[in-house]
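Undergrad: Please work out how this folds:
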Amino acid sequence: MNPPSPQAPVPARAGHNAPLVTDHDPPPGAGDLLTRAGDVLRPALSLYLDLHAHPEPSGQEARTADRFGRRLAAAACEITQGVGGHGVVGVLRNGDGPRVWLRAELDALPMRERTGLPYASRNDAMHACGHDLHLAAAAGAADLLARLSDRWRGTLVVGQPAEETLGGAEAMLRDGLYERFGSPGVVLAQHAAPLPSGTVAHAARQAPMAAAGAVLEVVLHGQGGHAATPHLTVDPVVAAAAVVTRLQNIVARETAPADQVTLTVGTLRAGTAANVIPDRAELGVGVRASSEASLDRALAAVRRIVLAESAAAGAPREPEVTVISRSAALRCDPHTTDSIRRAHTGLLGPGRVLPWPGSMATEDFPLFGDAGADVHGQHGVPLVYWMLGVVGAEEWRRATAGGPGASPPPAPNHSPHFAPHIGSALRPAIAALTSAALDRFAAT
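TA: Here you go, the predicted model:
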């Protein structure tokens, strides 16, 4: 996922973001969880620093899965590796009660880190979306819940690989995730965002947290040859350039101004030498929309344009347009979200529980709920997802000071400079996830 860099909501005044009434109070002892999170902070921080320095891209998370699994095992979880690829499932049992799932992602992005941190990535991948923080917080929450076993009864399940390619959740579900480990009573997740550390942000009722999206692979065919005789060839690079330009009209001229659609050609690959006209060009296209209907319209337009430009170029065969992955818009269960917002308010204070306006980021998290019912066969699984602040106090102050001396906004997710202030972000991340889990254990 890649949340936008704010114009973010600023921490609210006390009472400004008052939660809706729910059917029970925050879990007992919610206010002391920030203190108790300190008991598990050191191993969680050690895991974070290790994972940040050794990131692995989607589908290649073997080392990450091993380290995460070991940390969960140290917190008394029963570990199953290799679920849907490199997926890890840790189960913490504590008598009869609800089954609460915590989801955290294993994968990093294929990009070079430029933060200059002493624990920066040592390879060509980077945790530029905070998944290392999510894993450390989930492991810390499991550890803390094991120590707070007198406060809850039930089963805690932690697990997911390959979120960035939108394939990990489906792979785990098709590998029998719910059949093997039990259908969840709720699935919880949080995501790093360029907000102040110690804050969380929830979407309003019925508003999507994240957009629907799809990733497409486009192959344009040509007729290769010598650069000295272009008239004897069909150049797929020229066709690809025309496709890239024409695709922008989907947003600029085919989408209603009130709708939200984004389209990005993130990769374009063709050729091996400057004096050779290649016989194919490949494009990686990402499309995002505020609703599934808008996404369907945009995808149909992509196919139409690719086919038309290929025909206009005189291609020897039709192009290929393949949907590599697709995700639904992320809508959280409103009743459960209200309750967890209330728990977070009890934990952090009302001024640090912010509204989230939604974003055009995409997630495969909806598949754990009704969006994945065709895969896992379950209906009505509530999902709750919130954004987690990771910007240190001084950086936030400089970025929001205004005037000529103001600093630029904090680096957004997917930037090579993205660097959570781990010293101020990890403890509240552990506590926020723990308080949400305790709220759900107390709900029945």
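
Undergrad: Could I get the full set of strands for this protein?
TA: Using DSSP state E, the strands of the chain run over 78-83, 87-94, 99-105, 154-160, 186-196, 200-203, 212-221, 225-226, 261-270, 276-277, 280-289, 320-327, 353-356, 383-391.

Undergrad: Please could you give me each C-alpha atom of the least confident helix or strand in the chain by mean pLDDT, formatted as CSV?
TA: In the chain, no helix or strand scores lower on mean pLDDT, DSSP states H and E than strand 154-160, which sits at a mean of 82. Provided in CSV are the C-alpha atoms of strand 154-160 (Å, rounded to 0.1, in the frame of the first residue of the first chain):
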residue,chain,number,x,y,z
GLY,A,154,-9.7,-16.9,22.7
THR,A,155,-7.3,-17.5,19.8
LEU,A,156,-5.0,-15.0,18.2
VAL,A,157,-3.7,-15.7,14.7
VAL,A,158,-0.9,-13.7,13.0
GLY,A,159,0.2,-14.0,9.4
GLN,A,160,1.1,-12.5,4.9
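
Undergrad: need the least confident one among the strands of the chain, by mean pLDDT.
TA: Note on the strands of the chain: strand 154-160 shows the lowest mean pLDDT, a mean of 82.

Undergrad: Could you spell out the sheet neighbours of it, each with its direction?
TA: strand 87-94 (antiparallel), strand 99-105 (parallel) (DSSP bridges).

Undergrad: out of these, deepest packed?
TA: Between those, the one whose residues have the most neighbours on average, counting mean count of other Cβ atoms under 10 Å, is strand 99-105 (a mean of 25). In this view, the C-beta of every residue, glycine as well, is placed from N, C-alpha and C.

Undergrad: For it, which outside residues touch it?
TA: Contacts to strand 99-105, defined as Cβ atoms under 8 Å, 6 or more residues apart in numbering, come from residues 68, 131, 134-135, 137-138, 141-142, 154-161, 163-164, 168, 182-189, 365, 368, 433, 437, 440-441.

Undergrad: ok, now stretch 254-272?
TA: Stretch 254-272 is contacted from outside by 211, 236-237, 240, 244, 247-248, 250-251, 277-278, 280-291, 294-295, 297-298, 301-302, 360, using Cβ under 8 Å, 6+ apart.

Undergrad: cool, and stretch 240-249?
TA: Under Cβ under 8 Å, 6+ apart, the answer for stretch 240-249 is 218, 220, 263, 265, 268, 270, 281, 283, 285, 302, 305-306, 309, 312-313.

Undergrad: Could you export that stretch as CSV, CA atoms only?
TA: Written as CSV, here are the backbone C-alpha positions of stretch 240-249 (Å, rounded to 0.1, in the frame of the first residue of the first chain):
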residue,chain,number,x,y,z
ALA,A,240,4.1,1.7,-26.8
ALA,A,241,4.8,5.4,-26.7
ALA,A,242,1.4,6.1,-28.3
VAL,A,243,-0.3,3.8,-25.8
VAL,A,244,1.3,5.6,-22.9
THR,A,245,0.2,9.0,-24.1
ARG,A,246,-3.3,7.9,-25.0
LEU,A,247,-3.9,6.1,-21.7
GLN,A,248,-3.7,9.4,-19.9
ASN,A,249,-7.0,10.4,-21.6
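
Undergrad: hang on, residue 33 packs against residue 435?
TA: Yes: counting by Cβ atoms under 8 Å, residue 33 does reach residue 435; the two are 5.4 Å apart.

Undergrad: what about the two, which has more around it?
TA: Per other Cβ atoms under 10 Å, whichever of residue 33 and residue 435 has more neighbours is residue 435, with 30 against 27.

Undergrad: With distance to residue 422 added, can I get the strands of the chain in TSV?
TA: Output for the strands of the chain, formatted as TSV (distance: least, Cβ to Cβ, whole Å):
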stretch	distance to residue 422
strand 78-83	25
strand 87-94	22
strand 99-105	15
strand 154-160	20
strand 186-196	10
strand 200-203	17
strand 212-221	29
strand 225-226	54
strand 261-270	28
strand 276-277	48
strand 280-289	29
strand 320-327	28
strand 353-356	20
strand 383-391	8
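
Undergrad: Of all those strands, which one is nearest residue 340?
TA: Distance to residue 340, taken as Cβ to Cβ, is lowest for strand 383-391 among these, at 5.3 Å.

Undergrad: between the closest one and strand 99-105, how big is the angle?
TA: 40 degrees (axes from the mean of the first three to the mean of the last three Cα atoms, to 10 degrees).

Undergrad: and strand 383-391, what other elements does it pack with?
TA: Judged by 3 or more Cβ pairs under 8 Å, 6 or more residues apart in numbering; DSSP states H and E, the packing partners of strand 383-391 are helix 131-147, strand 186-196, strand 200-203, helix 334-348, helix 422-441.

Undergrad: in stretch 387-396, what's buried?
TA: 387-392, 395-396 (16 or more other Cβ atoms under 10 Å).

Undergrad: quick one: residue 427 and residue 40 touch, right?
TA: No: using Cβ under 8 Å, residue 427 makes no contact with residue 40, being 9.4 Å away.

Undergrad: What lies in contact with stretch 162-176?
TA: 1, 57-59, 61, 83-87, 105-109, 129, 131, 159-161, 213, 215, 324-327, 362-365, 367-368, 372, 375-376.

Undergrad: er, stretch 146-153 I mean
TA: By Cβ under 8 Å, 6+ apart, stretch 146-153 touches 27-29, 36, 39-40, 75-77, 92, 94-97, 145, 434, 437-438, 441-442.

Undergrad: again, 6 Å this time
TA: Taking contacts as Cβ atoms under 6 Å, 6 or more residues apart in numbering, the residues outside stretch 146-153 that touch it are 75-76, 94-95, 97, 438, 441.

Undergrad: Tell me which residues touch residue 288, please.
TA: Contact analysis of residue 288 by Cβ under 6 Å, 6+ apart lists 211, 213, 262, 360, 362.

Undergrad: how about these in a markdown table, adding neighbour count and distance to residue 349?
TA: Listed next are those as a markdown table, based on neighbours: other Cβ atoms under 10 Å; distance: Cβ to Cβ, whole Å:
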| residue | neighbour count | distance to residue 349 |
| --- | --- | --- |
| 211 | 26 | 30 |
| 213 | 24 | 34 |
| 262 | 17 | 35 |
| 360 | 18 | 30 |
| 362 | 30 | 31 |
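
Undergrad: Among the residues you listed, which one sits closest to residue 52?
TA: Of all those, residue 52 sits closest to residue 362, with 23.4 Å by Cβ to Cβ.

Undergrad: And stretch 81-98, how far out from the chain middle?
TA: Centroid separation for stretch 81-98 versus its chain: 20 Å, with Cα atoms, centre = their mean, to the nearest Å.
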